[in-house]
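S.K.: Sequence first, predicted model second:
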Amino acid sequence: MTDLPVAVIGAGPQGLAAAAHLLERGLTPLVLEQGSEPAAAVAEWGHVRLFSAWPELVDKAAVRLLEPTGWEAPEKGYPTGAQWRERYLVPLAEALGDHVRYGATVTGVSRKGRDRLVDADRAEQPFVLHVSGADGTEAMYRACRDERLEARAVIDASGTWRSPSPAGADGLPALGERAAHAVGKVGYAVPDRAVPDAYAARHTVVIGAGDSAFNAVHELTAIAKAHPGSRITWAIRRAVSTNTFGGGEGDELPERGALGVRAKRAVQDGTVELVTGFRTAKIDGARVEAEDGRVIEADQVVVLTGYRPDTSFLSEMRLDLDPTLEAPRNIAVQIDPNLHSCGSVSATGAKDLAQPEPDLYLVGMKSYGRAPTFLAMTGYEQVRSVVAALAGDHDAAARVELELPDTGVCGGAGVISTSSIHRFDDPEGAEEGGCCGAAAPNEELFTIGRSPITLS
């Protein structure tokens, strides 16, 4: 199999970095990208500013590949997704040239002549990837002939962007959610202040409690300032605790800490109405109903409850994934928000990411499964280690060349709130939770303005 390429699924930041490392090691990459351009998923959230600075967003092998072309690495600032693509990811894809194929959707991965049940000589057989044209829709299946491509190894860097988690508090789409999405009432992306029409002078409810939700609150707040009559309700499933708004000044990534600080300020000044313990059960148009019968009447719903990996095309692969996070089992204990989030997690490499299927690796966002704490620099360290392992340099694969920044967050996922309407002028409104168990101090509590909740 030494003459076969290493298949890399996805031409996002980690997929392109993996290709650069493969070339540097004398291995041939074949990057298969579903979209029609490099980092197609990043292009869809191009208006969002990253909280990692430029030096943390470029891979070292990619820099070594690009510098002979006259490219210069940006040194300061925090780019938007669009700037990240334009100044780094697109030039990197261009430098990789024909090693990247666009409009190529991987629909299945197996071993040549071996389904999942067959042990005999399994590891000695090349991988076989079934690839369809463009976006993998039924129309494309009819128009394009599927291909079978062989590879010596597979690096799955396909990410999780195409698999957003639903609004339903039980992990399933809320009743009516799919229908509401089909008519444009429910969306799964951070709003863009440059395209305010769907939110201006309307009532928007944001469902979710992570960094994406912070970004949504930030964008909607800007829209509300420019368009009087705009209303924002932010619905979270848990109670307010010391972790609700991130690590603040304790976060070693200052812009990540600032996201939560801005969101908290928007609630404190009354721009945003925060509703806690709201576990969505039903969406009718933009009318959102909780399991306890509370209702939010809105015009638009933004669902940002995280993402999850799509492993459907790996159904013939032998995987060992954590049953909770759907992440490689060896790294799950470090990143499971149910257990802890104190400090930072360790960098992960080939040994942590290896699967029972030899030479198959899940990297990037997908390697974190449903966990929300992934950083680009984590992915760059992963692909460096994985490619070293594939090249037979096991010392380099085992070496750790990254120390991740502290999150400034101490605690687990937080306490489920059971109160029907949560008033934060009540000191009992801030609940304990997580590994440190410290309640928010009283001076940090705040009062919600008018309540958007009607009880039914």
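M.R.: Received, thanks.
S.K.: quick one: the helices in this structure?
M.R.: Along the chain, the segments classed as helices by DSSP state H run 13-24, 40-44, 60-66, 81-84, 90-96, 138-143, 177-182, 211-226, 254-268, 329-335, 350-353, 376-390, 394-398.
S.K.: Least reliable of these by average pLDDT, please.
M.R.: For those, the bottom mean pLDDT is recorded on helix 138-143, which sits at a mean of 49.
S.K.: which parts of stretch 218-227 are buried?
M.R.: If you call a residue buried by 16 or more other Cβ atoms under 10 Å, then stretch 218-227 has these buried ones: 218-224. Yep, even glycine has a C-beta here, placed from its N, CA and C like the rest.
S.K.: Look up how far D359 lies from the residue of the chain most remote from its centre.
M.R.: In the chain, the residue that sits farthest from the middle, by Cα atoms, centre = their mean, is A120; the gap is 37.2 Å. Distance check for A120 against D359: by Cβ to Cβ, to the nearest Å, it reads 17 Å.
S.K.: list the contacts for the residue farthest from the centre of the chain?
M.R.: Taking Cβ atoms under 8 Å, 6 or more residues apart in numbering, we find A120 in contact with R114.
S.K.: number of nearby residues for the residue lying closest to A213 once chain neighbours are set aside?
M.R.: Excluding the flanking residues, the one nearest A213 by Cβ to Cβ, 6 or more residues apart in numbering is L304, at 4.6 Å. Using other Cβ atoms under 10 Å, L304 has 24 neighbouring residues.
S.K.: And L304, how close does it get to E252?
M.R.: Taking Cβ to Cβ as the measure, L304 falls 24 Å from E252.
S.K.: Would you agree L4 is in contact with P126?
M.R.: Yes - L4 is in contact with P126 according to Cβ atoms under 8 Å; the separation is 5.6 Å.
S.K.: which neighbours do these two share?
M.R.: With Cβ under 8 Å, 6+ apart as the test, L4 and P126 both reach 150-152.
S.K.: Local confidence estimate at F245?
M.R.: pLDDT for F245: 80.
S.K.: And it, how far from G97?
M.R.: 45 Å.
S.K.: Determine which stretch of the helices of the chain is the most buried.
M.R.: helix 13-24 (a mean of 27; mean count of other Cβ atoms under 10 Å).
S.K.: what's the angle from it to helix 376-390?
M.R.: Computed with axes from the mean of the first three to the mean of the last three Cα atoms, to 10 degrees, the direction of helix 13-24 lies at 30 degrees from that of helix 376-390.
S.K.: Check which helices and strands helix 13-24 sits against.
M.R.: Secondary structure elements in contact with helix 13-24, counted by 3 or more Cβ pairs under 8 Å, 6 or more residues apart in numbering; DSSP states H and E, are strand 6-9, strand 29-32, helix 60-66, helix 90-96, helix 376-390.
S.K.: For these, give me a markdown table that also has distance to G369.
M.R.: Below are the helices and strands packed on helix 13-24 laid out as a markdown table (distance: least, Cβ to Cβ, whole Å):
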| stretch | distance to G369 |
| --- | --- |
| strand 6-9 | 16 |
| strand 29-32 | 22 |
| helix 60-66 | 25 |
| helix 90-96 | 26 |
| helix 376-390 | 13 |
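S.K.: How about S158: what's its closest non-neighbour residue?
M.R.: Once its chain neighbours are removed from consideration, S158 has its nearest residue in G10; the separation is 4.2 Å (Cβ to Cβ, 6+ apart).
S.K.: Tell me the confidence at the one you found?
M.R.: Taken from the predicted model, the pLDDT recorded for G10 is 97.
S.K.: need the contact list for it.
M.R.: Residues in contact with G10, defined by Cβ under 8 Å, 6+ apart, are 31-34, 156-159, 364.
S.K.: is it true that A82 touches A43?
M.R.: Yes - in this structure A82 lies within contact range of A43 using Cβ under 8 Å: 7.3 Å.
S.K.: which residues in the stretch 351-456 of the chain form strands?
M.R.: Chain-ordered strands for the stretch 351-456 of the chain, with DSSP state E, counting those that start in this stretch as the definition, fall at 360-362, 453-455.
S.K.: Mean confidence (pLDDT) on the last one, please.
M.R.: Meaning strand 453-455. Mean per-residue pLDDT for strand 453-455: 39.
S.K.: residue ranges with poor pLDDT in the stretch 101-250 of the chain?
M.R.: When residues are selected by pLDDT under 70, those of the stretch 101-250 of the chain lie in 134-145.
S.K.: that older thread, only whichever of the shared contacts of L4 and P126 are buried, select them in ChimeraX.
M.R.: Written as a ChimeraX command, the selection of buried residues from these, which uses 16+ other Cβ under 10 Å, is:
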select :150,151,152
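S.K.: and the chain, what are its domains?
M.R.: Following automatic domain parsing, the chain resolves into domains at 6-162+307-398, 185-302+423-455.
S.K.: now the ones you listed in a markdown table, with distance to D170?
M.R.: Formatted as a markdown table, the entries for the domains of the chain read as follows, by distance: least, Cβ to Cβ, whole Å:
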| stretch | distance to D170 |
| --- | --- |
| domain 6-162+307-398 | 14 |
| domain 185-302+423-455 | 8 |
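S.K.: Now do the strands in the stretch 101-250 of the chain.
M.R.: Taking DSSP E, counting those that start in this stretch as the criterion, the stretch 101-250 of the chain contains strands spanning 104-111, 127-133, 147-151, 153-156, 186-187, 203-207, 231-235.
S.K.: picking that back up, so what's the residue nearest to A213 up against?
M.R.: The neighbourhood of L304, defined by Cβ under 8 Å, 6+ apart, consists of 164, 188, 190, 206-208, 210, 212-213, 216.
S.K.: Buried subset of those residues as a ChimeraX selection?
M.R.: For selection in ChimeraX, the members of the contacts of L304 meeting the burial criterion (16+ other Cβ under 10 Å) are listed in this command:
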select :164,188,190,206,207,208,210,212,213,216
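S.K.: Sort out which one of the contacts of L304 lies nearest A290 for me.
M.R.: Relative to A290, the closest of the contacts of L304 is I207; by Cβ to Cβ it sits at 10.4 Å.
S.K.: so that closest one touches V301, yeah?
M.R.: Yes - taking contact to mean Cβ under 8 Å, the distance of 6.7 Å between I207 and V301 places them in contact.
S.K.: Overlap of the contact sets of those two?
M.R.: When Cβ under 8 Å, 6+ apart defines a contact, the residues bordering I207 and V301 alike are 167, 288.
S.K.: show me what contacts the residue nearest to E67 when sequence neighbours are not counted?
M.R.: Counting by Cβ to Cβ, 6+ apart, A73 is the residue found nearest to E67 once chain neighbours are left out, at 7.9 Å. Applying Cβ under 8 Å, 6+ apart, one finds that A73 lies in contact with 54-55, 58, 63, 66-67, 88.
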